[in-house]
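1. Return atomic coordinates for the entry below.
(3 chains)
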Amino acid sequence: MNPVEPVRDHESAGVRGSRVATGYGDGAAGSPGARAAVPPEESGGEPLLDVRGLRIGYRAARGTRLAVDGLDLKVAAGEITAVVGESGSGKSSTAHALVGLLPAGGVVLGGSVRLQGEELTGLGERAWREVRGRRIGLIPQDPGVSLDPVKPVGAQVAEVLRVHGLATRRDAPARAVGLLAEAGLPDPDQRASQYPHELSGGMRQRVLIAIATAARPRLLVADEPTSALDVTVQRQLLDHLQEVVTTTGTAMLLVTHDLAVVADRAQHVVVMSQGRVVEAGPAGRVLADPRHPYTRELLADAPTLAARPPRGRPGTAGSAPVTVPGPASADAAPLLRVTGLTRAFPVRGPVLSRRRTRTAVDGVGFELGRGETLGVVGESGSGKSTTARMILGLERVDSGTVLLDGVDVTTVRGAARRALHRRIQLVYQNPYASLNPRFTVGELLTEPLRNHGIGSRAEWGGEVRRLLDDVALPAGVERRKAAELSGGQRQRVAIARALALGPEVLVCDEPVSALDVSVQARILELLVGLQERHGLSYLFISHDLAVVAQVSDRIAVMRGGRIVESGPAAELLRAPQHPYTQQLLAAVPGRSTTEDTPCR
Amino acid sequence: MTTPSPLPVEPAEEPARLHRVFRVPLRSPGVTLSVLVLVLVLGWALVPDWFSSRSPLTGLPADRFQPPSSHHFFGTDHMGRDIYARVVHGAALSLRATALAILIALGGGVILGLVAGFFGSWADAVIMRAVEVTMSVPPLLLSLTLVTALGVGTGQIAVAIGATSVAAFTRVMRAEVLRVRAAPYVEAAILCGARWWRILPRYILPSAFGPVLALAALDFGLVVLAVSSLGFLGYGEPPPAPEWGSLVADGRNYLATAWWLTTLPSLTVAVVVLAANRLSRVFEAEGGHR
Amino acid sequence: MHTALYAATRTLRAVFVVWAAFTLTFVALRLLPGDPVALMLSGRGGFAELTAQQVAQARTELGLDRPLIVQYGSALADALHGDLGASLQTGQPVSRMIADALLPTFQVGTLALLLALMLGTLLGVAANLTASPLLRQLLRSLPSVAVSLPSFWVGLVLIQFLSFRWHLFPSLGDSGFDSVILPACTMAIPGAALVAQVLGKSLHTTLQEPYADTVRATGAGRVRLLFGHGLRNAAIPAATVAGMLVGSLIGGAVVVETVFSRPGMGRITQSAVSAQDLPVVQGVVVVAALAFAVVNLLIDLLYPVLDPRIRATGRLVTT
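-> Take a look at the predicted model:
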């Protein structure tokens, strides 16, 4: 108790505003260089944040549902403690409870949360307001919606200083510009007067970091701070946060679903599952020697940058043809050949202004052999989804051709397009949106058969059971509606539906990015298995290089509507040629540990 | 501790939506009361004789201006007619007009909204311009214009009010159709080979209909108010028909001496509207999407 | 630049709407089953027997024998010059009648608008500011009760108590400011309820958005959050309802002026509809549409001030 006491006094004096006393707080005037000092008395010894036996519940009509059950964790100054878990593990509730902002119905049922020795549970609203922002800063999840859309970003940063009496009305704007500069926002002077919608996602997240750190809190709670951003941006922001922690001695609680992020940045890891801590310890130990089966599974399921082991493939770039399991084998010509595919969209600019267009896909060309998987990687806006939609005839093609078995299918309409969809099908990203919520699984799976007049009503039942069996869903599922299934089960149904017409090509547009890591791994295994059984060809689209690497024979990297590099998966991962590919590879979190992890 | 099975099965689905709608009354006394009020008024409209044995049209001159009592619940008017009997019998007129108006608004709105949203292009442009124009005239004035054109009477009032609300229903229906049409599951249906005559009834209509029905429920109270307002202004059935609004207008002349003549029929209208609005909020929350 | 373009398109739209309202009423009223000539003649001279010759003569006088499109053209041209035709009942020019009736209605309407906005905003804000759940429940249900009250009854109750029983205000007619208050209150009550409902709801919604949590996490209190962030965000959807409010006031004037036996636009409308006096009805609708369009234009021009996203693109953000 005693060693903590002086710190507490020291800090609360600052809170009252009479004396901004911490070494860190003194640097608040917007001079980034002035805040490097780490208060020595806190860098070791007592943890800054000490959570014991925390229990959080949500009040519902039928009693209280327990979201977090007995959480213990510690965060020390200058260190990052990561809370890792899948959706529903209670990690987000934990983050919100630490700032006293549980959503409606949420209550802390028990346990203690001590910040610098002071108990936070049971604080009144007024006392919480002194803690929030001043002693604990929150970096929220989605920068797109976490800033007030109708206020300039500079004013939003300045407000924090005003709330805690750290700046006067006059000097707050200038201090805000300093804080924005510190958070790494380019042109902070100019940006301060801009509105959130005028900034990119990464820039908005920097504004949110400036807000969270403005009053120099000793603890930062970051709730999935980068999961809504592209990998390259993600990396820059994580670097920045890590730097803040190490240079200022701030403690950080990093809540994430991404084990790879943890591996790179955190000193301690707490693994949560279904509201409980299943394993906790130093990051290095937990990752290298996971003791709990759940952690082990989570580690095994996390996509690594290991390429799919090379299989015999009918090479499309001159390699020797090899036999393929499946119907057509000795076929040298590619099943799908795409050349010069281009599509531009009108830009919704200001009313009456000159019409402009943005080229979403710009001369894309590739080939896909039978039984082969071509992975397409790109960040948001790279044109990968538009490419997929054009191949399926869902999007108009400005120029270029899509040849399926040598027949051009770019302009097919009506019956011809329906016929095309018997050979090439799509699996959507979001299985929650792509299945009609009113239909049972059985109805969903008979739709394609009924529409194409395949089989008789009597045969449909058997066909549905065969499809469900194919995607490893238990019998009886056909009577349930999509809403009654989990995300992974829904995606299995979506895959089964895509298979119902017996296609040769399956276009998978981000098929696992809406799913938890463990579910993701099962779906990828399913896709690989289906490919082997049915000799399917996959066009596999994802923003996640690690996921693509796991299933692809060849990889194409897209950026700004063009393919910047393509080649066999192993080769591309080992020796990327294009600078953008190198950047993407470097940005993949957890890369440092990948080398040590044995290939699955 | 539990290890995730390869097939995580989520907890059992919550009770179906319709079931939820009907469970709410049991929890909230306000909703229960609203249901009772509407059932009672519906009873008045369908079988008025069960609720009042007196005649709504004739009265005893000796019974003039009786204040409310156990004998005459709502009192009597200048001709000795029982106001309660007139309110009970007036329910049929007022509710019939309300129902007709909503049917017109719903029917017109659903068809126009569907055409505008599903077929788009010029049909959409024409319909939406017309909607914009009708919504640019204050609704009561638009109804009055139509009453001018159609003449006086409860049926005419209903048509006028219904036609005025078509625009709002069209807008909601169109927005819903566009929303559903853009849903990935509709595109997935196209990929599965479904043609538009299958997509329209099987996919778009059922999903788009919920919010439109919620709007109809919400509109119910407003239409009851509009019908009685037009009745009050004297555009309803000519006297002695006991339409609610015209009952109040008749009683206006005796405002200083016989308060019950205006207050009790008005209160009936207010309670019915209040009950309808309360229920429509339940529908909106539970029946509409999300 | 964008704002100027935005203003220009919105103004054009307002002009279009007024023109369309004129056309709409023209069409609706010409297509009606009754014969305006017979109506007019019977209106002026009692229910006299009309000879075919008299009718034909009257038709020629009114120009009703010309093709519909020509009639429409000349009516539109006249309207642009401020001539809305003559009343079938009295023969008076419609524009004169409206000009005379405009002032009393404007007085009541403006007062009612101010009352409705003030009262509605107060209620909507208070319902979101109070920490007591009981008070919040009460403040939330008050507007939904108020919108359920027929406005003719509200007026009658006010007369009954404030005029007859307590003699605070004159009950009927138009005699100075005192006589404006009760009608204005009657008109304001449903309007205030509408504003309170919409503002209350959109405040409630916006305070649950993620950005509000960001603000809370900085240590800001309820008051700062609501007045510094919530109100401005909530004002964007709530501003739309202010347009509806004016529409409901214009419609409400018909009922309220009838209840209080006040002269004004509402009274003209009421008697014109009863008598099927087409030119008067058309004139009233066009003037109302004009007022409505002007208010909506003002609100449209307010949006870019409220929402920087519109300033950037000149487009309403629809979410």
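
2. how much space between B:Ser165 and C:Ser95?
-> Distance check for B:Ser165 against C:Ser95: by Cβ to Cβ, to the nearest Å, it reads 31 Å. (Glycine included, C-beta is placed from N, CA and C.)

3. Compare the two (neighbour count), which wins?
-> Comparing B:Ser165 with C:Ser95 by other Cβ atoms under 10 Å in any protein chain shown, the one with more neighbours is B:Ser165, at 26 against 19.

4. in terms of contact, does that one touch B:Asp219 like I think?
-> Yes. Look at B:Ser165 against B:Asp219 with Cβ atoms under 8 Å: they come within range, at 6.1 Å.

5. what sits in contact with each of the two?
-> B:Ile102, B:Ala105 (Cβ atoms under 8 Å, 6 or more residues apart in numbering or on different chains).

6. What residue in chain C comes nearest to chain B?
-> Minimum separation of chain C from chain B (Cβ to the nearest Cβ) falls at C:Gly251, amounting to 2.9 Å.

7. Contacts only, for the most centrally placed residue in chain B.
-> If you average the C-alpha coordinates of chain B and look for the closest C-alpha using Cα atoms, centre = their mean, you land on B:Phe220, 1.7 Å from that point. Contact analysis of B:Phe220 by Cβ under 8 Å, 6+ apart lists B:Thr98, B:Ile102, B:Ala276, B:Ser280.

8. what's the answer for C:Gly252, then?
-> Residues counted as contacts of C:Gly252 (Cβ under 8 Å, 6+ apart) are B:Leu140, C:Ala112, C:Ser151, C:Thr186, C:Met187, C:Pro190, C:Gly191.

9. rerun at 10 Å
-> If a contact means Cβ atoms under 10 Å, 6 or more residues apart in numbering or on different chains, then C:Gly252 has B:138, B:140, B:229, C:108-109, C:112, C:151-152, C:155, C:183, C:186-191, C:245, C:266 as its contacts.

10. measure the closest residue to A:Asp264 other than its chain neighbours to chain C for me?
-> Spatially, and ignoring its direct neighbours in sequence, A:Asp264 is nearest to A:Pro589 (5.5 Å; Cβ to Cβ, 6 or more residues apart in numbering or on different chains). When Cβ to the nearest Cβ, to the nearest Å is the yardstick, A:Pro589 and chain C sit 24 Å from each other.

11. A:Cys508 should be in a helix, yeah?
-> No. The assignment for A:Cys508 is strand, going by DSSP: H, G, I helix; E, B strand; the rest coil, so no helix is present there.

12. State the distance from it to A:Leu445.
-> When distance is defined by Cβ to Cβ, A:Cys508 is 18 Å away from A:Leu445.

13. Against A:Arg490, how distant is A:Arg480?
-> With distances taken as Cβ to Cβ, A:Arg480 is found 11 Å from A:Arg490.

14. for B:Ser143, same thing?
-> 48 Å.

15. Between those two, tell me which one has more neighbours.
-> The residue with more neighbours, out of B:Ser143 and A:Arg490 and counting by other Cβ under 10 Å, is B:Ser143; that gives 27 against 23.

16. Name the helix or strand for that one, please.
-> Assigned by DSSP states H and E, B:Ser143 falls within helix B:139-150.

17. Next, see if that helix gets close to chain C.
-> Yes. Where contact is defined by Cβ under 10 Å from any Cβ of the partner chain, part of helix B:139-150 touches chain C, namely B:Pro139, B:Leu140, B:Leu141, B:Leu142, B:Ser143, B:Leu144, B:Thr145, B:Leu146, B:Val147, B:Thr148, B:Ala149, B:Leu150.

18. Let me see the ranges of the strands in the stretch 501-600 of chain A.
-> Using DSSP state E, counting those that start in this stretch, the strands of the stretch 501-600 of chain A run over residues A:505-509, A:537-542, A:554-559, A:562-568.

19. Distance to B:Ala285 added to these, as TSV?
-> Formatted as TSV, the entries for the strands of the stretch 501-600 of chain A read as follows, by distance: least, Cβ to Cβ, whole Å:
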stretch	distance to B:Ala285
strand A:505-509	34
strand A:537-542	38
strand A:554-559	44
strand A:562-568	49
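
20. right, so of those strands, which gets closest to chain C?
-> Nearest to chain C among the strands of the stretch 501-600 of chain A is strand A:505-509 (24.5 Å), distances taken as Cβ to the nearest Cβ.

21. What are the buried residues along that closest one?
-> Neighbour counts over strand A:505-509 (16 or more other Cβ atoms under 10 Å in any protein chain shown) mark A:Val505, A:Leu506, A:Val507, A:Cys508, A:Asp509 as buried.

22. on contacts alone, who are the packing partners of that strand?
-> Here strand A:505-509 touches strand A:373-377, helix A:384-391, strand A:424-427, helix A:487-499, helix A:517-534, strand A:537-542, going by 3 or more Cβ pairs under 10 Å, 6 or more residues apart in numbering or on different chains; DSSP states H and E.

23. From the contact counts, what lies against the second one?
-> Taking 3+ Cβ pairs under 10 Å, 6+ apart as the contact definition, the neighbouring helices and strands of helix A:384-391 are strand A:336-346, strand A:357-368, strand A:373-377, strand A:399-404, strand A:424-427, strand A:505-509, strand A:537-542, strand A:554-559.
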